[in-house]
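A.B. asks: Predicted structure and sequence below. I'll ask about it afterward.
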Amino acid sequence: MSCISDWEVVIAEQLTAGKAGEDLHEKRPPSIPLTVAPGASAVRAASITAQIRAGPCEVKDVSQRTPCPHSGDARAVRSLREAHDALLDAAALVDQAYGLPLLGSLAANFVHFISALNLMLAVKLRYQVISHGHADLLILISSCWALLHVICVLAVTGVSSAAAAETRQIPRLVHKALLPITDVGTSDAQLREQLQLFSQQVMHQRLCFTAWGFFTIDLTIVLSMVGAVTTYLVIYLQFSATH
């Protein structure tokens, strides 16, 4: 640090004497990036020497600020944009390949759940004449099958909904990253541009999985199934009561 202290004295002398910044540029060490305007006062010299002690990236005066290497951050954001685009392409291929099987799986689980529920109600309400010991066993087996179908539906819809929810967090994180950027220097401008492009990319490219295009697979499907099952139970009980 002794060489830096000696150079601070030289800076103060040059500024006080009003010498040109070009002469100072020729004499200063290359490791200290500093631009000095001619004719500055001694007070200005003291301020600059204090800024040198703070380090080249800590200069608060915009005219004397040395750009920090933020270009690496801009490249990192661009890499995230490319990774996000690749993941969406992969998700589109998965949706195209497994959309029809998922539609069949959800439909089969729903129908089997209705059948198991129908059997339980028939045995419990004694619409089917079965011995007491066999009736309890049949209700237990039907309950296990119904629970299995519910778990299958929740597994498919839960994973799809969780993946979509994670992608919805990206815009919030991107806008939080935009807040501390001051747009001072080329590197900050590049970083802000990449973050804004990333935000637009996420807004226009949303992740979702569909059942062969018929409906979006998420947890709202469970609510629709619950409503359909409730409607079926009401109709079934009313129809059974009239007979």
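C.D. replies: That came through, no problem.

A.B. asks: what's the next secondary structure element after the strand or helix carrying residue 150?
C.D. replies: In the assignment (DSSP states H and E), residue 150 maps to helix 132-178. Sequence-wise, the next helix or strand downstream of helix 132-178 (DSSP H and E) is helix 186-204.

A.B. asks: Go through that following helix and flag the buried ones.
C.D. replies: Neighbour counts over helix 186-204 (16 or more other Cβ atoms under 10 Å) mark 187, 188, 190, 191, 192, 194, 195, 198, 199, 201, 202 as buried. (Glycine included, C-beta is placed from N, CA and C.)

A.B. asks: Closest one of those residues to residue 214?
C.D. replies: Nearest to residue 214 among those, counting by Cβ to Cβ, is residue 202 at 25.6 Å.

A.B. asks: Just the element for residue 214, please.
C.D. replies: Here residue 214, judged by DSSP H and E, is contained in no helix and no strand.

A.B. asks: How is the protein partitioned into domains?
C.D. replies: Residue ranges for the domains of the chain, per automatic domain parsing: 2-64, 71-242.

A.B. asks: Next, format the ones you listed as TSV and append mean pLDDT.
C.D. replies: Putting the domains of the chain into TSV (pLDDT from 0 to 100) gives the following:
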stretch	mean pLDDT
domain 2-64	46
domain 71-242	91
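
A.B. asks: Count residues in the vicinity of residue 226, would you?
C.D. replies: 10 (other Cβ atoms under 10 Å).

A.B. asks: Residue 118 against residue 235, yeah?
C.D. replies: No: applying Cβ atoms under 8 Å, one finds residue 118 not in contact with residue 235, separated by 11.5 Å.

A.B. asks: Just want to know which of those two has more residues nearby.
C.D. replies: Set residue 118 next to residue 235 and count neighbours by other Cβ under 10 Å: residue 118 wins out with 15 against 10.

A.B. asks: Give me the distance between the more buried one and residue 222.
C.D. replies: Residue 118 sits 20 Å away from residue 222, going by Cβ to Cβ, to the nearest Å.

A.B. asks: Likewise for residue 176?
C.D. replies: Remark: distance between residue 176 and residue 222 (Cβ to Cβ) = 32 Å.

A.B. asks: So the two - more neighbours on which side?
C.D. replies: Taking neighbours as other Cβ under 10 Å, residue 176 and residue 222 compare with residue 222 leading, 15 against 9.
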